[in-house]
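> Mind folding the following:
(chains A and B)
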Amino acid sequence: ETGVTQSPTHLIKTRGQQVTLRCSSQSGHNTVSWYQQALGQGPQFIFQYYREEENGRGNFPPRFSGLQFPNYSSELNVNALELDDSALYLCASSLNPTSYNEQFFGPGTRLTVL
Amino acid sequence: KNEVEQSPQNLTAQEGEFITINCSYSVGISALHWLQQHPGGGIVSLFMLSSGKKKHGRLIATINIQEKHSSLHITASHPRDSAVYICAVNPTGNQFYFGTGTSLTVIP
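Okay, here's the model as predicted:
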């Protein structure tokens, strides 16, 4: 059984560019959540996908969008990058969306926007 | 105001000491999670609680739903326990609020 994986591990972009981050869920998990963690802060919930549909969203603008594929892998897309988008982006998968299921976190992608 | 407050923000302990990290929250929740984050970013889920107390090895987590408070205890602390410990609460199935974390350093 493989855990949650994310790619790439590190990424440098310039302001205004677009970026796609990828997450592969743990086997058997149909729910994935994405989080943004700025330096020295706790993670902030971006959105959750369940069975290829968005299933909840935090306080992030529409330029943050996502996709979940039939194999339950997921992408986070950020358009028109801003300097404040520099952060660690974490994805976490779980068996289903209910709160009583443990989330398994990936190692994160560190995005730097110059 | 943050929905989840942790204390202390930073903690330094000698190896072998008993450690307590506190978490208070202001929203109704269905579950509370304690997470461990090592340098470099990887997060491990330690506990998920909705009531009472759980124990894994040297780690103990308790929650008081009425007082909206949880504690994470580490007995016989060890340098490998050095990490950031994050409290997160789950009001509904698809929303999580995280504390800013407690940075723990255990000195040999």
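
> CA only for contacts and neighbour counts going forward, please
Noted.

> Could you count how many residues lie near B:T12?
Around B:T12 there are 12 other residues, counting by other Cα atoms under 10 Å in any protein chain shown.

> Give the closest residue to the most centrally placed residue in chain A in space, chain neighbours not counted.
With distances taken as Cα atoms, centre = their mean, the residue of chain A nearest its centroid is A:W34 (3.1 Å). Nearest in space to A:W34, with sequence neighbours left out and distances taken as Cα to Cα, 6 or more residues apart in numbering or on different chains, is A:C91 at 4.4 Å.

> Just give me the neighbour total for the one you found.
32.

> give me the element it is part of.
Using DSSP states H and E, A:C91 sits in strand A:87-94.

> Remind me what that strand packs against, helices and strands.
On a contact count with 3 or more Cα pairs under 8 Å, 6 or more residues apart in numbering or on different chains; DSSP states H and E, strand A:87-94 meets strand A:31-37, strand A:104-105, strand A:109-113.

> The longest one pairs with which strands?
Spelled out, that is strand A:31-37. As defined by DSSP bridges, the strand partners of strand A:31-37 come to strand A:44-50 (antiparallel), strand A:87-94 (antiparallel).

> check contacts around residue 46.
Here I'm looking at chain A. By Cα atoms under 8 Å, 6 or more residues apart in numbering or on different chains, A:I46 lies in contact with A:33-36, A:57-60, A:64.

> meant chain B, my bad for not saying
B:L46 neighbours (Cα under 8 Å, 6+ apart): B:33-36.

> again, only using 10 Å
A:102, B:33-36, B:55-56, B:59-61, B:72, B:85-86 (Cα atoms under 10 Å, 6 or more residues apart in numbering or on different chains).

> out of the residues you listed, which is most surrounded?
Neighbours here mean other Cα under 10 Å. Within those, the largest count is held by B:I86, at 29 neighbours.

> In the sheet, which strands lie alongside the helix or strand bottoming out on mean pLDDT in chain B, parallel or antiparallel?
Using mean pLDDT, DSSP states H and E, the weakest-scoring helix or strand in chain B turns out to be strand B:95-98, at a mean of 84. The pairing partners recorded for strand B:95-98 under DSSP bridges are strand B:83-92 (antiparallel).

> Put the alpha carbons of stretch A:104-114 into PDB.
C-alpha atoms of stretch A:104-114 as PDB (Å, rounded to 0.1, in the frame of the first residue of the first chain):
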ATOM      1  CA  PHE A 104      -3.200  11.000   5.500                       C
ATOM      2  CA  PHE A 105      -1.000  13.800   4.400                       C
ATOM      3  CA  GLY A 106       1.500  14.000   1.600                       C
ATOM      4  CA  PRO A 107       5.000  15.500   2.000                       C
ATOM      5  CA  GLY A 108       3.900  18.800   0.400                       C
ATOM      6  CA  THR A 109       5.100  20.900  -2.500                       C
ATOM      7  CA  ARG A 110       7.000  24.100  -1.600                       C
ATOM      8  CA  LEU A 111       6.100  26.900  -4.000                       C
ATOM      9  CA  THR A 112       8.100  30.000  -4.200                       C
ATOM     10  CA  VAL A 113       6.800  32.900  -6.200                       C
ATOM     11  CA  LEU A 114       9.300  35.600  -7.200                       C
END
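
> Just the buried positions in it, please.
A:104-113 (16 or more other Cα atoms under 10 Å in any protein chain shown).

> I am finished for the moment; much appreciated.
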